[in-house]
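> Return a 3D structure for these sequence lines:
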Amino acid sequence: MLKPRVAVLVSGGGTNLQALIDARDAGTLFSGKLALVVSSKAGAFALARAKAAGIETEVVERGSFSDQKAFEEALLRTLRRHQIDVVVLAGFMLILSAAFVSHYPDRMINVHPSLIPAYCGKGYYGLKVHEAVLAAGESVTGATVHMVNEVPDGGAILMQKRVPVLPGDTPQTLQRRVMEQAEWSLLPQAAEMICFALLQKQTEGNTDGSKSPV
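From the prediction side, this is the model:
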């Protein structure tokens, strides 16, 4: 039985990618194979993390293409070439179109640094989320892992975890706490959940003689 092949899409340092790698190494992410890391930036440190962990890497830079359509076609070709079953967005700083997302229905997830539906959607990313939380005087924030659909941060919520906002927090200290206490635990759990569900479907398909969906 083949494990679903997982691609992690990144744009920067890859701290959430590292959480996935650590979960793999700890044996808590075992139903899927971390098969590929794709970066939208050539110099992203996430690529070094992937190589150190023995994961294949590719770079597909948005600026190398004339428009979004051409970029997404190249990205899709890359994923297909590596026979990817599940896509994880982990600090991927680009919004993907409905046409692209439709190729991975219920098989593409994203981690967002707030308790969706609060502080999400277009314009809310990175430190901007934490700046907005602090500006509003919130006492609690958190992170969410959700399915990716045609609406930015609009897919079905899979998991959430609350994190306290502490007196004296800056956007940077709050960002770090949300990552450490929520994002780094939620994302591997959700990836395992999706991969396990696909393995179950594969098993059912093999039992009744139908084609595996993976």
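
> Kindly state the beta-bridge partners for residue 146.
With beta bridges defined as DSSP bridges, residue 146 has these partners: residue 110, residue 157.

> For this protein, which segments are assigned as strands?
Per DSSP state E, the chain carries strands over the ranges 5-10, 33-39, 56-59, 86-89, 108-112, 140-147, 157-164.

> can you list the ones you listed in JSON lines and add mean pLDDT and mean neighbour count?
From N, CA and C alone the C-beta is placed, and that goes for glycine too. Compiled in JSON lines, the strands of the chain are given as follows (pLDDT from 0 to 100; neighbours: other Cβ atoms under 10 Å):
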{"stretch": "strand 5-10", "mean pLDDT": "98", "mean neighbour count": "25"}
{"stretch": "strand 33-39", "mean pLDDT": "98", "mean neighbour count": "23"}
{"stretch": "strand 56-59", "mean pLDDT": "98", "mean neighbour count": "16"}
{"stretch": "strand 86-89", "mean pLDDT": "98", "mean neighbour count": "26"}
{"stretch": "strand 108-112", "mean pLDDT": "97", "mean neighbour count": "24"}
{"stretch": "strand 140-147", "mean pLDDT": "98", "mean neighbour count": "22"}
{"stretch": "strand 157-164", "mean pLDDT": "98", "mean neighbour count": "16"}
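
> Can you lay out these as JSON lines showing distance to residue 67?
What follows is the strands of the chain, written out as JSON lines (distance: least, Cβ to Cβ, whole Å):
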{"stretch": "strand 5-10", "distance to residue 67": "19"}
{"stretch": "strand 33-39", "distance to residue 67": "19"}
{"stretch": "strand 56-59", "distance to residue 67": "18"}
{"stretch": "strand 86-89", "distance to residue 67": "21"}
{"stretch": "strand 108-112", "distance to residue 67": "21"}
{"stretch": "strand 140-147", "distance to residue 67": "26"}
{"stretch": "strand 157-164", "distance to residue 67": "31"}
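
> So which of the ones you listed is nearest residue 190?
Evaluated over the strands of the chain, closeness to residue 190 peaks at strand 140-147, with 4.1 Å, by Cβ to Cβ.

> Taking strand 157-164 as reference, get the angle to the closest one.
160 degrees (axes from the mean of the first three to the mean of the last three Cα atoms, to 10 degrees).

> which residues are contacting strand 140-147?
For strand 140-147, the surrounding residues in contact (Cβ atoms under 8 Å, 6 or more residues apart in numbering) are 106, 108-116, 118-120, 130, 133, 153-165, 174, 178-179, 182-183, 186-187, 189-190.

> How far away from the center of its chain is that strand?
12 Å (Cα atoms, centre = their mean, to the nearest Å).

> Same question for stretch 41-51.
15 Å.

> Show me where the protein has its helices.
Assigned by DSSP state H, the chain shows helices spanning 15-26, 45-52, 68-81, 98-101, 127-135, 171-178, 184-208.

> Name the nearest residue to the residue nearest the centre of the chain, sequence neighbours excluded.
With distances taken as Cα atoms, centre = their mean, the chain has residue 89 as the residue nearest its mean C-alpha position (2.5 Å). In space, and not counting its chain neighbours, residue 89 is closest to residue 110: 4.1 Å by Cβ to Cβ, 6 or more residues apart in numbering.

> Do I have it right that the one you found meets residue 153?
Yes - under the contact definition of Cβ atoms under 8 Å, residue 110 touches residue 153, with a separation of 7.3 Å.
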